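Trainee: Fold the following and give me the result.
(chains A, B and C)
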Amino acid sequence: MSEPTYFDLVYAVVRKVPRGRVTTYGAIADYLALGASRMVGWALNHCRPGDGVPAHRVVNRKGELSGRHHFDPPARMQALLESEGVEVVNDCVVNFKALFWHPEEENDK
DNA sequence: TGTTTGACCACGG
DNA sequence: GCCGTGGCCAAAC
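Mentor: Predicted coordinates:
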């Protein structure tokens, strides 16, 4: 058990994302002051369903399901979002701007 | 140990 | 408004 790695930090933030909301890699990177949004995606790359990390709630700044291809099956990501009430069309989150959630916004409030 | 990659973002033309 | 390039940091090879 070593010190927490970058993925652990990302996992924690993604887990804080309330249901029916979506966030972006840049928001997480900015919240964690990573300065490198690529690390967020890279961290989620090692993410697994067993970790309980709703990676499907994480999209790029365009609101597009950029990481859907890393899901199994890829359509799983959209299915999960729709299951949470998030409308997804053309692999893009509808009302993305409205559903956008920032780590600074406390979900439990 | 150095190089390459990676679910990206911001800026410039 | 769209396309191209740079940057960013960390892990894997």
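Trainee: What is the neighbour count of the residue in chain A positioned nearest to DNA strand B?
Mentor: Going by CB to the nearest atom of the strand, DNA strand B is nearest to residue A:67 of chain A, at 1.6 Å. Every C-beta, even on glycine, is put in place using the N, C-alpha and C of the backbone. Residues lying near residue A:67 (other CB atoms under 10 Å) number 20.
Trainee: My understanding was that it contacts residue A:53; is that so?
Mentor: No. Shown here, residue A:67 and residue A:53 do not form a contact pair, counting by CB atoms under 8 Å, at 11.9 Å.
Trainee: Next, show the common contact partners of those two.
Mentor: Contact criterion CB atoms under 8 Å, 6 or more residues apart in numbering; residues shared by residue A:67 and residue A:53: residue A:44.
Trainee: Quickly note the distance from residue A:105 to DNA strand C.
Mentor: Here residue A:105 is placed at a distance of 24 Å from DNA strand C (CB to the nearest atom of the strand, to the nearest Å).
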